[in-house]
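Peer 1: Got a sequence here, can you build the structure:
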Amino acid sequence: MPAPRRAPAPTRSGEAPSARGSGGCHVAELFSVLGRPRMLDILHAFAESGGAPIRFGQLQTRLGISPKTLSDRLKTLVDMGFLARQAFSEIPPRVEYHPTAKTAELGELFRALEGWSTRNSLHPVPMVSTVGRVSAAASGRS
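Peer 2: Numbering: from 1, shown residues only. Modelled structure (predicted):
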């Protein structure tokens, strides 16, 4: 006898996944979170760390992000399970963030994007018209 199907979990807004557009597309939800400014920069730093923890101050210095923005993004990433936060009761306070298995899986994505970016230019490619001929006057030649 097959196991009963579980109902999909609601989104943060409380709506059912099927109400999310595109038939409950999880990729769209992921893009809406990871598409926030500097979110991928932070995740990339952890993917490059090889699983090592990174301190708040190190991230701020490395990425040049304001403390408020970095704090907001890190809180979101912890809430979503991409990072684990460890606070030490020291003076001055010390907080480290550890990548989780979710973040480790993103390493493959970052490597694929790196490969793609080396094969493809992000600079505009000049368009060459194959329709009609450009007159000498229009091309600036006399």
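Peer 1: Got phi/psi on the residue nearest the centre of the chain?
Peer 2: Geometric centre of the chain, nearest residue: Leu40, 3.0 Å, by C-alpha atoms, centre = their mean. Phi and psi for Leu40, reported as degrees, to the nearest 10, are phi -70, psi -30.
Peer 1: cool, the one 3 residues further on as well?
Peer 2: Comment: the main-chain dihedrals of Leu43 come out as phi -60, psi -40, following degrees, to the nearest 10.
Peer 1: quick check: longest helix of this structure.
Peer 2: When the chain is parsed with DSSP state H, its longest helix is helix 101-119.
Peer 1: can you list contacts of that helix?
Peer 2: With contacts defined as C-beta atoms under 8 Å, 6 or more residues apart in numbering, helix 101-119 is touched by 43-44, 46-48, 51, 80-83. From N, CA and C alone the C-beta is placed, and that goes for glycine too.
Peer 1: What are the buried residues along it?
Peer 2: By 16 or more other C-beta atoms under 10 Å, the buried positions in helix 101-119 come out as 103, 106-107.
Peer 1: CA-only coordinates of that helix, as PDB, when you get a sec.
Peer 2: C-alpha atoms of helix 101-119 as PDB (Å, rounded to 0.1, in the frame of the first residue of the first chain):
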ATOM      1  CA  ALA A 101      24.600  20.800   3.500                       C
ATOM      2  CA  LYS A 102      22.200  23.000   1.500                       C
ATOM      3  CA  THR A 103      24.900  25.600   1.000                       C
ATOM      4  CA  ALA A 104      27.400  22.800   0.000                       C
ATOM      5  CA  GLU A 105      25.000  21.700  -2.700                       C
ATOM      6  CA  LEU A 106      25.100  25.200  -4.200                       C
ATOM      7  CA  GLY A 107      28.800  24.800  -4.800                       C
ATOM      8  CA  GLU A 108      27.900  22.700  -7.900                       C
ATOM      9  CA  LEU A 109      25.700  25.600  -9.100                       C
ATOM     10  CA  PHE A 110      28.500  28.200  -8.600                       C
ATOM     11  CA  ARG A 111      31.000  26.000 -10.400                       C
ATOM     12  CA  ALA A 112      28.600  25.600 -13.300                       C
ATOM     13  CA  LEU A 113      28.000  29.400 -13.400                       C
ATOM     14  CA  GLU A 114      31.800  29.900 -13.300                       C
ATOM     15  CA  GLY A 115      32.300  27.600 -16.300                       C
ATOM     16  CA  TRP A 116      29.400  29.300 -18.200                       C
ATOM     17  CA  SER A 117      30.900  32.700 -17.500                       C
ATOM     18  CA  THR A 118      34.300  31.700 -18.900                       C
ATOM     19  CA  ARG A 119      32.700  30.400 -22.100                       C
END
